[in-house]
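> next comes the sequence, and after it the predicted model I'd like to discuss.
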Amino acid sequence: MFKGLKKRKPALEILSPPRGDRRSMEIAYARLFATADGQKVLAHLQASTFLRTHGAEASDDQLRFTEGQRALVTTILRMIDAGHRPS
């Protein structure tokens, strides 16, 4: 159909969870988010979750969704912190 175009991976691909111990995952999180791009992404995640507020008119669904996002970012921050601690 279109010659020369490469087939791209889907934008969202569900991957199998990595095998290994928790410590190796903590180190992986710390290493990933230590990069300049990782810091940029982490700042964006924090700004879009922790700094977002909803007014009194916010629905229960909106509040639950936002809290779920915050919980995920908190999990990432905890993994990074643990990855920086000595074994």
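Sure thing, it's come through.

> what residues of stretch 65-75 count as buried?
Thr66, Arg70 (16 or more other Cβ atoms under 10 Å). Using the backbone N, CA and C atoms, a C-beta is placed for each residue, glycine as well.

> how about the helices in this protein?
Along the chain, the stretches classed as helices by DSSP state H are 22-32, 36-49, 60-84.

> which positions within the first one qualify as buried?
If I follow you right, that is helix 22-32. For helix 22-32, by 16+ other Cβ under 10 Å, it's Glu26, Ile27, Tyr29, Ala30, Leu32.

> per-residue confidence for the last one?
Pointing back at Leu32 there. Leu32 is assigned a predicted lDDT (pLDDT) of 96.

> ok, it to Lys6 distance?
Shown here: Leu32 relative to Lys6, a distance of 26 Å by Cβ to Cβ, to the nearest Å.

> picking that back up, can I get the buried residues of helix 22-32 in a markdown table with distance to Thr53?
Output for the buried residues of helix 22-32, formatted as a markdown table (distance: Cβ to Cβ, whole Å):
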| residue | distance to Thr53 |
| --- | --- |
| Glu26 | 31 |
| Ile27 | 34 |
| Tyr29 | 27 |
| Ala30 | 30 |
| Leu32 | 29 |
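
> and which of those residues is nearest Arg64?
Comparing the buried residues of helix 22-32 against Arg64 with Cβ to Cβ places Tyr29 closest, at 25.3 Å.

> residues in contact with the closest one?
Ile76, Met79, Ile80, Ala82, Gly83 (Cβ atoms under 8 Å, 6 or more residues apart in numbering).

> how about the first one: what's its closest non-neighbour residue?
Beyond its immediate neighbours in the sequence, the residue positioned closest to Ile76 (Cβ to Cβ, 6 or more residues apart in numbering) is Tyr29, lying 6.6 Å away.

> now His84: how far from Tyr29?
10 Å.

> so what pLDDT did the closest residue to Gln46 other than its chain neighbours get?
Nearest residue to Gln46 in three dimensions, chain neighbours excluded: Val73, at 6.2 Å (Cβ to Cβ, 6+ apart). At Val73, the model reports a pLDDT of 97.
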